[in-house]
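1. Requesting a structural model of the entry that follows:
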Amino acid sequence: MTSKYASKQRKALYNAPHHVRNKSVGSHLSEELIGKLGRKTARVVKGDTVRVVRGDEDILGLEGKVTRVNTLNGRLIVEGVTIAKADGTMTERPVHASNVVITKLDMKDNYRKRKLQFEEEGSS
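-> Next up is the predicted model:
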């Protein structure tokens, strides 16, 4: 961001193109992954396992697999993180990407695997 004003930073994020919004779904890595990869953050993708570290008591500490990533608002749908609706049915509860820690990476994507390994070799 180039401005120091929060309103301008929010406006820039809301009006950003999709390839820039991808960075808004980045999250911190767990201590184990930081030591292994030599970096602190990564983009959250479908299939990663995450732990909720901020939020209400009912979701705090829950761990599950990411089933959907919404880059439009930076939120994730995590298995096991639900909320009761007025009629009593349980539905998915979106969690912001900044409120989770990645505990296990999904390495099925070869591009992601190469990128993380390249940065791992570059940092050693």
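2. When you work out contacts or count neighbours from here on, use the C-alpha atoms and nothing else.
-> Fine.
3. Can you report phi and psi for Val20?
-> phi -80, psi -40 (degrees, to the nearest 10).
4. where's it relative to Val44, distance?
-> 14 Å (C-alpha to C-alpha, to the nearest Å).
5. what's the answer for Val95, then?
-> On the measure of C-alpha to C-alpha, Val95 and Val44 end up 12 Å apart.
6. the more surrounded of these two?
-> More crowded of Val95 and Val44, by other C-alpha atoms under 10 Å: Val44, with 29 against 19.
7. Work out the gap between stretch 11-26 and the centre of the chain.
-> Between the centre of stretch 11-26 and the centre of its chain there are 13 Å (C-alpha atoms, centre = their mean, to the nearest Å).
8. again but with stretch 91-108, I slipped
-> Counting by C-alpha atoms, centre = their mean, stretch 91-108 is centred 5 Å from the centre of its parent chain.
9. What of stretch 41-50?
-> From the chain centre to the centre of stretch 41-50 is a distance of 6 Å (C-alpha atoms, centre = their mean).
10. If you count neighbours, what's buried in it?
-> For stretch 41-50, the buried set under the neighbour-count rule, 16 or more other C-alpha atoms under 10 Å, comprises Thr41, Ala42, Arg43, Val44, Val45, Gly47, Asp48, Thr49, Val50.
11. my guess is the fourth one meets Leu29, correct?
-> The one in question is Val44. No - at 9.8 Å, Val44 does not count as touching Leu29 under the criterion of C-alpha atoms under 8 Å.
12. list residues touching both of the two?
-> Ile102 (C-alpha atoms under 8 Å, 6 or more residues apart in numbering).
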